[in-house]
Structures are given as C-alpha cells and as structure tokens.
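*Asks:* give the three-dimensional model of this entry:
(one chain, ligands or ions: 1)
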Amino acid sequence: MNELNVPRPNNLDAYWMPYSDNKYFKANPRMIARAEGMSYFTPDGREILDGTAGLWCCNAGHGRREIKEAIQQQAAILDYAPTFQLGHPIAFEAAARIAELTPEGMDKVFFTNSGSESADTALKIALAYHKARGESSRVRLIGRERGYHGVGFGGMSVGGIGGNRKQFGALLPYVDHLPHTHGIEANLFAKGQPEHGAHLAEVLENLVALHGAETIAAVMVEPIAGSTGVLVPPKGYLERLRELCTKHGILLIFDEVITGFGRIGTPFGAERLGVTPDIITMAKGLTNAAVPMGAVAVRNGVYDAIVDGAPAGIELFHGYTYSGHPLAAAAAIATMELHRAEDLPGRARAIEPYWQEAAHSLRSSPNVIDIRDYGLIAGIELAPRAGKAGQRAMDVFRRCFDDGVLVRVTGDIVALSPPLIIEKPHVDRLIGTLDAAIRAEAA
Ligand code: PMP
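*Replies:* So this is what the prediction gives:
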C-alpha cells in the first residue's frame, strides 16, 4: 500500500501492455493510480497535469461525478440485456442524443465498443449500402497515408501507418491510399488550417480513372489525423474530397474518434470544418472514456437503403454483444449532458487563441521543426536524433512525466490534447514544462 491506498501489483509479468515497450516499462514502471479534473496522480500521490485528456478521450476532465453516478444508477437498474432482437430504453435514448449532435440528416446511430470497431463497422456499412442498391461491384476502400483507424483488419488496412501493418501480412485486398497532406514546406508552423495542399484531393480522381468509380465503395479519412502527429487538412482539401465523392457516388467516412465531442470547438469536427460526410465514426469522448463505447452515425439515406432494401429479416449482419451496453449508454448520456450544460465545445473555442499562441511559442525551443494546431490539439515536431527516430520525443515524454506533465508522443512529434476544461494557468504549466523538457533534452 502507499499514500493513496492503491495496492501495488506484486507482479508486472502477466499483463501484456498494448502499444508499449513492455521490457522498458517493466524495468521502469510509471504508474497512474487516480485522476481528478485536469490531473492524474501516481500511486505515491504525485500530481501529473493531463496534457492529453487520457488518450484524447477524457474531454470533460477526470472523475466527473455526474458520469460516475449515472453509471452507478444504471448498474443498479439493468446491468445487461441481450442486443439481438431485443432493446433496452437507455440505448435508444443515447442514440437520439448523439443524433442531436451530428450534422442534419445523420440521425441513425449504430453502437460499438471502441474506435477500432467503429471503423470496421463503418466500412462494412459502406459495402452493405452499395450492395443493397444493386452496386455490388463497389468493393474498393480508400484511406490515406498516415491515417489511423484503429487495429481491426478493416481499419488497419484502410489506415496508412506502415508500422501498424507490416507485422500482420497482406491485410484486406482492394484498398488504396491517398497521399497524406503533410510535408509541404510553405505550411510549416501554420496556425490552424494550412494554406497549401488542397490539390492532393485530386489523387482521388486518379484512382477513379484507374479503377472506375463503379468499383469504389468509400473514402475514409480522419478530418484531422491525430495519432500520426496532428496533420491538419489544408484549406479546401476536405471540401474537394466531398465534391469528388459526391460526383462519383462514393461514400465519404469521417473518422471523428478524436475530433468528435468538442475537441475542435464543435460537437463534431464536420461542423467546424464545414464538410458533411455520409458516415461518422466516434468513440473516446462519447463516454468521456469512463466506460468503453463507440458509435457510427450514418446519413438517413444510407440506413434507409440497407434497412428498406433488405428482404424481411435481419438487415445488417453485424453487431456486438455489448452494442449499446446500458452502463456505457448511461455514461454517454451523462457526458453529452455535461457537454451541453457546461458548453464544453464553447469553452474549447474560447481558450483556443491562447492555446494556439502558447503552442506556437515553442517555435524558439531547440530542435522544433514544425508546430501544428487546430481546436484544442497541437503537434510539436522535433528533429529526430541522427539515425534514431522517435528517441528524442520519447526522452521529452519521460522528462515531462517526471516533471509532472503528461504529453503523448508519436514518432518525434509531441501531441497535446488537454481536457476541454483547461484554463490558462494549466496551459502555461503544460507548455512551460514541455519547453523545459525540450531544452533539457537538447542540452
Ligand atoms: N480512429 C482514430 C482516429 C483514433 O484516433 C483511434 C484511437 N486513437 C481509433 C480509431 C481507435 O480507437 P480504439 O483505440 O478505441 O479502438
């Protein structure tokens, strides 16, 4: 036992940690035992300012009483009910609440348990949609380099991260990738959406010319790619993708697992970015991460085509034991209520200019080669150490943690995405500690 009365694990061997350097961690464990508001606490009671909202997910801050009580109450009423051919009221209510937040005309919601499941569900819905409309030849899926859509076979295949794919063989066939929009020199240190790069959407025309529109089911992109280092779409890029998808009868899927639930100042990113997709995937902020839950919202016409177009019986042969799980649905409703009552998207918008200036103040820190931001997201890119990609940022991550601030690193990019309840003194501490860590690493 220790200060927080958290039992120390006797044995670190059994747990195979996800996406982790297990050997390093088990030799140098950094544990988190408790969370509240903007902060985590280690087992010995040290406070760590959360600069990442967990993993881009605890948008309303940690330990929210309203969410906890909703889960407790629901657990006492109905712990679980089967999801096939049976319903429970709270799942319907959660879906209706989500539909209030999605763009107009996207009122149908399918529940999953994670972002990865949402990605695979969205891809399957796209394929089923075309089939229901008699266009069975539309089977090609198009993603984007450096896209991340989770770890299921669909999302991994459509995703464009080499490191996530190479270990696992050939993956799905009939998948192509658009180029990512990063690396244009004139965009370096751009604030908000960069000016240059909308032309990269035209590559979709090349794929249509190559394969024929009649073979392409869907294009899937994150409006802002988060996990690969905060790649903000150039002005006009998403608009052009939308135009081309509409022109060629291709469904446009936005993976809003990160950009959903206020992260960029509107309930969904589609609203602020001014582009409406046909399908939106979500997870993370939906329940404030208190209980796992994901969802897929679709344009009503997509639902109608599948549900009305199917012969009598089950319309979509897809679903999870825990789709719309009562505890998760309760957490989701409580979370959305908090977002509404506290206008969390509005809070994010209000502090965004201060956040942006603070993030860009790191431009004068050593080894910083680019800074990108949008909403309450920022990516600070460091020059890699010679021959050792990722090590510089990892060193910065460890220094920050030891100095009481949690950041996330991906490659040599430090990604920040604090809870939307962040206030100016937190911003100052987060950016100040990061600056000191970058300077200490360079010294
Ligand atoms: N899509 C995006 C855009 C994500 O950022 C993530 C998680 N970082 C996922 C999908 C996968 O979500 P999960 O880890 O809940 O499966």
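*Asks:* just the closest residue of the stretch 251-400 of the chain to the ligand, please.
*Replies:* Closest to the ligand within the stretch 251-400 of the chain is V257: 3.6 Å, counting by Cβ to the nearest ligand atom. Where C-beta positions appear, they are placed from N, C-alpha and C, glycine not excepted.
*Asks:* near the ligand, which residues of the protein?
*Replies:* Contact residues (Cβ under 6 Å from any ligand atom) of the chain with the ligand: 114-116, 119, 148-150, 222, 226-227, 255, 257-258, 283.
*Asks:* I figured T215 was touching L141, is that so?
*Replies:* No - counting by Cβ atoms under 8 Å, T215 does not reach L141; the two are 10.5 Å apart.
*Asks:* look at the two and report which has more neighbours.
*Replies:* Remark: of T215 and L141, L141 carries more neighbours, 25 against 15, as counted by other Cβ atoms under 10 Å.
*Asks:* please name the bridge partners of the more buried one.
*Replies:* Counting by DSSP bridges, L141 is bridged to V175, A218.
*Asks:* for the stretch 1-150 of the chain, what are the low-confidence residue spans?
*Replies:* 1-8 (pLDDT under 70).
*Asks:* just the helices in it please.
*Replies:* Secondary structure of the stretch 1-150 of the chain (DSSP state H, counting those that start in this stretch): helices at 22-27, 53-56, 65-77, 89-101, 115-132.
*Asks:* with the stretch 151-300 of the chain instead?
*Replies:* Counting by DSSP H, counting those that start in this stretch, the helices of the stretch 151-300 of the chain are 153-158, 162-165, 203-211, 237-248, 269-273, 300-309.
*Asks:* turn these into CSV, including distance to K68 and mean pLDDT.
*Replies:* Listed next are the helices of the stretch 151-300 of the chain as CSV, based on distance: least, Cβ to Cβ, whole Å; pLDDT from 0 to 100:
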stretch, distance to K68, mean pLDDT
helix 153-158, 30, 98
helix 162-165, 34, 91
helix 203-211, 45, 98
helix 237-248, 37, 98
helix 269-273, 28, 98
helix 300-309, 33, 96
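*Asks:* just those helices: most buried one?
*Replies:* helix 153-158 (a mean of 24; mean count of other Cβ atoms under 10 Å).
*Asks:* name the helices or strands packed onto it?
*Replies:* helix 115-132, strand 140-144, helix 162-165 (3 or more Cβ pairs under 8 Å, 6 or more residues apart in numbering; DSSP states H and E).
*Asks:* how big is the angle separating the second one from helix 237-248?
*Replies:* Strand 140-144 and helix 237-248 meet at an angle of 170 degrees, taking axes from the mean of the first three to the mean of the last three Cα atoms, to 10 degrees as the criterion.
*Asks:* mind starting the numbering at 19 from now?
*Replies:* Okay, residue one is now 19; in that scheme the one you just asked about reads as strand 158-162.
*Asks:* who does strand 158-162 touch, helix- and strand-wise?
*Replies:* helix 171-176, strand 193-196, helix 221-229, strand 234-239.
*Asks:* list the contacts of it.
*Replies:* Contact with strand 158-162 is made by 141, 144, 167, 172, 175-178, 190, 192-198, 222, 225, 229, 233-239, 243, 268, as judged by Cβ atoms under 8 Å, 6 or more residues apart in numbering.
*Asks:* buried only: go through those for me.
*Replies:* Burial by neighbour count, 16 or more other Cβ atoms under 10 Å: within those this picks out 141, 144, 167, 172, 175-178, 193-196, 198, 222, 225, 234-239, 243, 268.
*Asks:* reformat the residues of the chain next to the ligand as TSV; add distance to A377.
*Replies:* As requested, the residues of the chain next to the ligand are exported to TSV (distance: Cβ to Cβ, whole Å):
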residue	distance to A377
S132	29
G133	25
S134	29
A137	28
Y166	21
H167	26
G168	27
E240	19
G244	15
S245	18
D273	23
V275	22
I276	17
A301	25
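*Asks:* closest to the ligand among the residues you listed?
*Replies:* The ligand lies nearest to G133 out of the residues of the chain next to the ligand, by Cβ to the nearest ligand atom, at 2.2 Å.
*Asks:* can you get me a residue count around the closest one?
*Replies:* Using other Cβ under 10 Å, G133 is surrounded by 30 other residues.
*Asks:* let me see the contact set for it.
*Replies:* Counted by Cβ under 8 Å, 6+ apart, G133 has contacts 167-168, 173, 273, 275, 299-302, 312.
*Asks:* related to what we said a few turns ago, hey, which of the helices of the stretch 19-168 of the chain is tucked in deepest?
*Replies:* Mean neighbour counts were compared across the helices of the stretch 19-168 of the chain using mean count of other Cβ under 10 Å; the top stretch is helix 133-150, at a mean of 25.
*Asks:* now do that helix against strand 158-162, angle only.
*Replies:* 140 degrees.
*Asks:* may I have helix 133-150 as CSV, with CA atoms only?
*Replies:* Extracted in CSV, the C-alpha atoms of helix 133-150 (Å, rounded to 0.1, in the frame of the first residue of the first chain):
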residue,chain,number,x,y,z
GLY,A,133,-12.9,3.4,-32.2
SER,A,134,-11.5,0.3,-34.0
GLU,A,135,-14.9,-1.4,-34.0
SER,A,136,-16.5,1.9,-35.2
ALA,A,137,-14.0,1.9,-38.2
ASP,A,138,-14.7,-1.6,-39.2
THR,A,139,-18.4,-1.1,-38.7
ALA,A,140,-18.4,2.0,-41.0
LEU,A,141,-16.5,0.1,-43.7
LYS,A,142,-19.0,-2.8,-43.5
ILE,A,143,-22.0,-0.4,-43.7
ALA,A,144,-20.5,1.2,-46.8
LEU,A,145,-20.1,-2.1,-48.5
ALA,A,146,-23.6,-3.2,-47.5
TYR,A,147,-25.1,0.1,-48.7
HIS,A,148,-23.8,-0.3,-52.2
LYS,A,149,-24.8,-3.9,-52.3
ALA,A,150,-28.3,-3.0,-51.1
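*Asks:* which non-adjacent residue is nearest H444?
*Replies:* Once flanking residues are discounted, H444 sits nearest to M56: 5.5 Å by Cβ to Cβ, 6 or more residues apart in numbering.
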